[in-house]
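Enquirer: okay, here's the prediction I keep looking at, along with the sequence it came from:
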Amino acid sequence: MFQAPYPPYDPTDKSGFSYDTVVKRWPIILTNVIDHVHRLLHDMTLEVQQARGQAPKAEDLSKKITEGQDIISEISRLKYRMGRDHELEDIPQDGDILVAEYNADLERLKQASQNTWFEAPWLYAECYLYRLIRAYFNQKTHWRGFDPFSSQKEEMFRNSGAAIYQIANTMHELESEKVKFQGDPDKLEVLFKEMIQISLWGNATDLSLLTHLSPSDIEHLQTVGKEAQEARKEFILKDDQDAVWTYIKTLANQGKRLDFVLDNAGFELFTDFVFADFLVTYTPYFSQVVFHPKLFPWFVSDVTPSDFAKTISSLLSTTFFPPNSTISSDSVAHLQQMVTRWQKYLDDGIFSLATNIDNGQKMTEFWNGPWPYWNLNELAPELGQWLSGSGLVVFKGDLNYRKLAGDVKWPVSTPFSTAIGPLAGSFPLLSLRTNKADVAVGIDEKVAEDLDNRGEKWRTSGKYALVSFLPGGSGQ
């Protein structure tokens, strides 16, 4: 197993983002879960009062309420222990995936005296947190499989209507110009960069980080007009767009597959669909796309299979987004037209969810683990074999980037190929990441120093981004 020559980020450094995460962000996330369950219990209590003449229903609701109260107590206890740097406890046996694996890693951390909330490596502790929350709900008969972040994800998605309709209009314009640029690599390159940036900056919406943003702030983050794209170029600190395009042009008419390792649900998943649609519909380089989700609720907003399915049905609903007088009937029609095409692609197998392919459920388990991707081929050989057959594997978002680079304290000038260890060369790899955590590589030292000297929170603000590409068969 590969070991990096640098230590992992952890909360022992009080100036780092990981410390701020344990002290502020995680308690807010846990409080939000408690509040959400509490509101649900309040509604259930009213239902019980209304169902007095229906004994089975009232009894069932009463049991669910009792279990919900237990969940609130467990999460409150977790919050207390976290704030006081207590030991991480074993994940309980809940009949779900990766219990033994998480607990084995936890035992190793215990042997190294790194098994408390402020001593454990940040990457492990954060993954562990969401696996533990999963267990709290799984252990309750009436709450098993419950997604405590589902309503939050849906609300955020509803607030993305303006940007979504704008992108739908852009894609409609492409349809009318399709013949002009389809055989013109130069025109396709311009459009490719537009699409890659839409997908890149779609990652600016991350519910686990947006604990203090209003809907208007979120809409600002999601500005996707062409002028905004141009203005944001200076904020891409590593920009391999030219390199990945040069590679993609070699794939013409070979029926290649594109794999998307997904990040956030809602608006970001929508932009991922747009990017995939562009590559399949308007270019000769890819004929199939497989989307890789998480198997259970993860980092608040990550895509689960349920989220994936609901995205299509929500976009096809004419009542999902709040009424907006600035949205024209043409925009609504353009969105319907585009998403109907996506649905057909799903029906025809051009688009697929990884959990629906052969052995896909088992392969998908790896993404919910706490491990760096350095050792993907050893820890998940079937997944590694699948990805090795891909024309391009796109890793979306901050957590995937942290796992690619192992979330360790690499110097910023470290080549991306070095930071991803033995994974380099396993398959053609493109990482699209807006910076929301400390780890960052492949950046000119002078650029990083200048940003630091100006007091820019360039590593964590989400204002800066990295587009990192490596071809397959070579670490260079």
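Expert: Looks like it arrived, so ask away. The structure displayed is predicted, hence computed values, not measured ones. Numbers count the residues shown, from 1 in each chain.
Enquirer: quick one: the strands in the protein?
Expert: Taking DSSP state E as the test, the strands found in the chain are 236-239, 257-261, 288-292, 351-353, 392-396, 429-434, 465-470.
Enquirer: pull up the pairing partners for the first one, direction included.
Expert: Strand 236-239 has the following sheet partners, assigned by DSSP bridges: strand 465-470 (parallel).
Enquirer: returning to what we had before: reformat the strands of the chain as CSV; add mean pLDDT, distance to F273 and mean neighbour count.
Expert: C-betas here are computed from N, CA, C, even on glycine. Putting the strands of the chain into CSV (pLDDT from 0 to 100; distance: least, CB to CB, whole Å; neighbours: other CB atoms under 10 Å) gives the following:
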stretch, mean pLDDT, distance to F273, mean neighbour count
strand 236-239, 96, 22, 18
strand 257-261, 98, 9, 23
strand 288-292, 98, 9, 23
strand 351-353, 98, 8, 20
strand 392-396, 98, 12, 25
strand 429-434, 97, 14, 26
strand 465-470, 97, 19, 24
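Enquirer: could the ones you listed go into TSV alongside distance to W342?
Expert: As requested, the strands of the chain are exported to TSV (distance: least, CB to CB, whole Å):
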stretch	distance to W342
strand 236-239	27
strand 257-261	13
strand 288-292	10
strand 351-353	6
strand 392-396	17
strand 429-434	20
strand 465-470	24
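Enquirer: check contacts around K153.
Expert: Neighbouring residues of K153 by CB atoms under 8 Å, 6 or more residues apart in numbering: L207, A265, G266, V300, S301, D307.
Enquirer: again with A100
Expert: With contact set as CB under 8 Å, 6+ apart, A100 has no partners.
Enquirer: circling back to that earlier point, closest one to T319 among the strands of the chain?
Expert: Of all the strands of the chain, it is strand 351-353 that lies closest to T319, at 24.5 Å by CB to CB.
Enquirer: contact partners of that closest one?
Expert: Outside strand 351-353, the residues within contact range by CB under 8 Å, 6+ apart are 276, 280, 288-291, 293, 305, 308, 342, 345-346, 360.
Enquirer: repeat that for 6 Å
Expert: For strand 351-353, contacts defined as CB atoms under 6 Å, 6 or more residues apart in numbering pick out V289, V290, F291, F308, Y345.
Enquirer: what do you get for stretch 83-97?
Expert: So stretch 83-97 is contacted by 99, 102-103, 106, 115-118, 131-132, 135, 138-139, 365 (CB under 6 Å, 6+ apart).
Enquirer: can you mark which positions in it are buried?
Expert: Judged by neighbour count (16 or more other CB atoms under 10 Å), stretch 83-97 contains these buried residues: L88, I91, D94, D96, I97.
Enquirer: pipe those residues into TSV and attach distance to F192 and pLDDT per row.
Expert: Listed next are the buried residues of stretch 83-97 as TSV, based on distance: CB to CB, whole Å; pLDDT from 0 to 100:
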residue	distance to F192	pLDDT
L88	44	98
I91	43	98
D94	44	98
D96	40	98
I97	37	98
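Enquirer: follow-up on the earlier one: N453: which of the contacts of stretch 83-97 is nearest?
Expert: Using CB to CB, the contacts of stretch 83-97 come closest to N453 at F118, 29.4 Å.
Enquirer: surely that closest one meets D10?
Expert: No. Look at F118 against D10 with CB atoms under 6 Å: they stay out of range, at 7.8 Å.
Enquirer: circling back to that earlier point, so which of the strands of the chain gets nearest I65?
Expert: strand 351-353 (34.1 Å).
Enquirer: what segments of the stretch 201-350 of the chain are helices?
Expert: Here the stretch 201-350 of the chain has its helices, by DSSP state H, counting those that start in this stretch, at 215-221, 226-232, 241-248, 267-281, 305-316, 329-348.
Enquirer: which of those helices has the lowest mean pLDDT?
Expert: Mean pLDDT across these is lowest at helix 215-221; the value there is a mean of 46.
Enquirer: pLDDT wise, what is the nearest residue to L41 once chain neighbours are set aside at?
Expert: Distance criterion CB to CB, 6 or more residues apart in numbering; nearest residue to L41, sequence neighbours excluded, is G68 at 4.8 Å. G68 carries a pLDDT value of 98.
Enquirer: let me know how buried the residue nearest to D302 when sequence neighbours are not counted is, in neighbour terms.
Expert: Excluding the flanking residues, the one nearest D302 by CB to CB, 6+ apart is K294, at 4.7 Å. K294 has 22 neighbours, counted by other CB atoms under 10 Å.
Enquirer: picking up where we left off before, could you dump the contacts of stretch 83-97 to JSON lines with pLDDT and neighbour count?
Expert: As requested, those are arranged in JSON lines below (pLDDT from 0 to 100; neighbours: other CB atoms under 10 Å):
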{"residue": "V99", "pLDDT": "98", "neighbour count": "16"}
{"residue": "Y102", "pLDDT": "98", "neighbour count": "22"}
{"residue": "N103", "pLDDT": "98", "neighbour count": "17"}
{"residue": "L106", "pLDDT": "98", "neighbour count": "22"}
{"residue": "N115", "pLDDT": "98", "neighbour count": "20"}
{"residue": "T116", "pLDDT": "98", "neighbour count": "18"}
{"residue": "W117", "pLDDT": "98", "neighbour count": "21"}
{"residue": "F118", "pLDDT": "97", "neighbour count": "19"}
{"residue": "R131", "pLDDT": "98", "neighbour count": "22"}
{"residue": "L132", "pLDDT": "98", "neighbour count": "19"}
{"residue": "A135", "pLDDT": "98", "neighbour count": "19"}
{"residue": "N138", "pLDDT": "98", "neighbour count": "18"}
{"residue": "Q139", "pLDDT": "98", "neighbour count": "18"}
{"residue": "E365", "pLDDT": "98", "neighbour count": "16"}
